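Q: following is a predicted model, sequence given first.
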Amino acid sequence: MEARIRVVVAKPGLDGHDRGAKVVARALRDAGMEVVYTGLHQTPEQIVETAVQEDANAIGLSVLSGAHMTLFRRVIQLLAERDASDIVVFGGGIIPADDIAELEKLGVARIFTPGATTASIIEWVRANVSSPVA
């Protein structure tokens, strides 16, 4: 029997708009995944610590503040420092196409832009995030 995919959904930085993150967290949970929502104003350090403690398979970041390059880069860096680069990082928000390509080079697996459906996010997570064997 396979264990469920565990996803930490987080709102890094000073961005206070969390409706999208909550919608995605609920959709992933409704799709049978275990979801830990960290709440607003999390530092990259707090997010990575939560992901490691929770034995997460993925981190989903929601960034609308414009600080996406700094925040994603720091999360990827901290995961590497913690020998946890196997945790898949994906995210969404208001992120220009040129920055999406740069984020992918840094190791971000996928960026969902406004208008992405919860079904497409669920499908992507199922196809790209390994669930542990129980």
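A: Structure received. All figures in this text were calculated on a predicted structure; none of them were measured in a lab.

Q: what segments of the protein are helices?
A: With DSSP state H as the criterion, the chain has helices at 19-30, 44-53, 68-81, 97-106, 118-128.

Q: the ones you listed: which one's closest to I59?
A: Smallest distance to I59 across the helices of the chain (CB to CB): 5.1 Å, for helix 44-53. Every C-beta, even on glycine, is put in place using the N, C-alpha and C of the backbone.

Q: low-scoring stretches of the protein, by residue?
A: Across the chain, the stretches falling below the confidence threshold (pLDDT under 70) are 1-2, 133-134.

Q: if we go to 90?
A: Counting by pLDDT under 90, the chain contains low-confidence residues at 1-3, 14-17, 65-66, 130-134.

Q: quick one: which of the helices of the chain is nearest A10?
A: Counting by CB to CB, A10 lies closest to helix 44-53 out of the helices of the chain; the figure is 4.4 Å.

Q: now the angle between helix 68-81 and that closest one, please.
A: With axes from the mean of the first three to the mean of the last three CA atoms, to 10 degrees applied, the angle from helix 44-53 to helix 68-81 works out at 40 degrees.

Q: other SSEs contacting helix 44-53?
A: strand 6-10, strand 58-63, helix 68-81 (3 or more CB pairs under 8 Å, 6 or more residues apart in numbering; DSSP states H and E).

Q: now the helices of the chain as a markdown table including mean neighbour count and distance to L61?
A: Converted to a markdown table, the helices of the chain look like this (neighbours: other CB atoms under 10 Å; distance: least, CB to CB, whole Å):
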| stretch | mean neighbour count | distance to L61 |
| --- | --- | --- |
| helix 19-30 | 17 | 9 |
| helix 44-53 | 18 | 7 |
| helix 68-81 | 19 | 6 |
| helix 97-106 | 13 | 10 |
| helix 118-128 | 14 | 13 |
